[in-house]
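>>> how would this look folded up:
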Amino acid sequence: MAIKVLILEDDRDDAELISELVRQTGFEDLEILTATNMEGAVRVAFSASGPTLILADQNLGNGSGAAFIHIALEQSSKATAVLLTGLAYEALPGEVRLDLAKGTYLYLSKSDLNVDIIRSLIIKARKAADPEHRPEQFGLMDGGMTSTPGQPLAPGNHPRRLS
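Predicted coordinates for the structure are as follows:
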């Protein structure tokens, strides 16, 4: 089963950096889809087989990543969604913090984004989409990526910050 990773990011440099991090995970069965706005992302989400993993920037020129994630999850409840932002948790809108507390999607600071975290997210998304999938089939161990409500995913170091 191919993993479709949708990157919703209106900053082209950030989108390219995130795409490169996804490619560096080493998975051969990835399809990377990018959208720079809500309309493009909705077209991808409502395609015949929508994304398995959604990486959505919160602050978009014509909407929010959180609003898109709600639309996408209505179409494909098996998708794993991650809200990317440069904002601290406390600066997120109240409805986003409520979604995080409910576990609707995960939250990750852009400054913490790195290959290891994306690899763990891909494994998590694959398991959610295909419960029969076993990471060890690919020589990978599941890093047990979790997110405590209100807290970002485990931080890592990446030499270049996203804007």
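>>> Which positions in the helix or strand bottoming out on mean pLDDT in the chain come out as buried?
Ranking every helix and strand in the chain by mean pLDDT, DSSP states H and E puts helix 38-45 at the bottom, with a mean of 87. Going by neighbour count (16 or more other C-beta atoms under 10 Å), the buried part of helix 38-45 is Met38, Ala41, Val42, Val44, Ala45. C-beta: built from backbone N, CA, C; applies to glycine.
>>> Show me what that helix packs onto, helices and strands only.
If you count contacts as 3 or more C-beta pairs under 8 Å, 6 or more residues apart in numbering; DSSP states H and E, helix 38-45 packs onto strand 3-8, strand 30-35, helix 65-75.
>>> then that helix to CSV, C-alphas only?
Once non-C-alpha atoms are left out, helix 38-45 reads as follows in CSV (Å, rounded to 0.1, in the frame of the first residue of the first chain):
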residue,chain,number,x,y,z
MET,A,38,-7.3,25.2,0.7
GLU,A,39,-8.9,24.6,-2.7
GLY,A,40,-6.0,22.6,-4.0
ALA,A,41,-5.8,20.6,-0.8
VAL,A,42,-9.6,19.8,-0.9
ARG,A,43,-9.2,18.5,-4.5
VAL,A,44,-6.5,16.1,-3.3
ALA,A,45,-8.4,15.1,-0.2
